[in-house]
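K.L.:
what's the 3D shape of this:
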Amino acid sequence: MIIEYGHIYYEDILNENIKKDEIKKSIDIALDYMKSKPYEKFETVVLVDDKNYNLNMPEKKELIIFLSNYYSKLGLKPDHIFFEKVFYDSVERIYSNISKNNLKIEYFKKDDKYVEFLKTSQYKIPLRKIKKDEITYSCQMLASLWTLMKSEMYKEKHIVTVLNKKYHLVEMHILDLLKHSGYSVNNIHLWY
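P.N.:
The predicted structure is shown next:
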């Protein structure tokens, strides 16, 4: 069984703004879940949001050592640490499968940008921002890609994502976005 219990922003590490309380809470929730399944074997996962940075391999190795030690001191050392930027180029895989009939574009004059949304019966999910010639994908799109990648990497395993309740709506957007892209991620389960 896979437990993802951490999603940390690289800029928070650089700015020494690590949200220790949130990390500790996620660790405690993950440990409680693991204790409730005493006969399961677990692998633990943390994701680093590094999409705005070009980290080289020595920098990544240094960061892996730092995060492994940091999380270990708080109570749960990750078995695997992934970097979001590695997956960024694959986001078109999800976007290209969304029916164009469900897309809506809105202009935001104040920011001089367009935002493209997926309009579902329940949600209006931001997909990407278009400003001049620059296109950036939303957090929901990137998180959807990460969810899909986890599901495919560990397809034979049950995956539990430990979350703060404040991310519940975002996670519902992610699952809805994947459904509208034609992907099934039945092995992903959310735990708050």
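K.L.:
In contact with the nearest residue to Lys37 once chain neighbours are set aside, which residues?
P.N.:
With sequence-adjacent residues excluded and distances taken as C-beta to C-beta, 6 or more residues apart in numbering, Lys37 is closest to Met1, at 7.1 Å. Every C-beta, even on glycine, is put in place using the N, C-alpha and C of the backbone. Counting by C-beta atoms under 8 Å, 6 or more residues apart in numbering, Met1 touches Lys37, Glu40, Lys41, Phe42, Glu43, Lys157, His158, Ile159, Val160.
K.L.:
make it 7 Å
P.N.:
By C-beta atoms under 7 Å, 6 or more residues apart in numbering, the contact set of Met1 is Glu40, Lys41, Phe42, Lys157, His158, Val160.
K.L.:
Filter these down to the buried ones.
P.N.:
Phe42, Val160 (16 or more other C-beta atoms under 10 Å).
K.L.:
So which bits of stretch 149-165 are buried?
P.N.:
Met149, Lys150, Ser151, Tyr154, Ile159, Val160, Thr161, Val162, Leu163.
K.L.:
cool, stretch 132-140 as well?
P.N.:
Tyr137, Ser138, Gln140.
K.L.:
still on that earlier bit, can you tell me which of the contacts of Met1 end up in strands?
P.N.:
Members of these lying in strands (criterion: DSSP state E): Val160.
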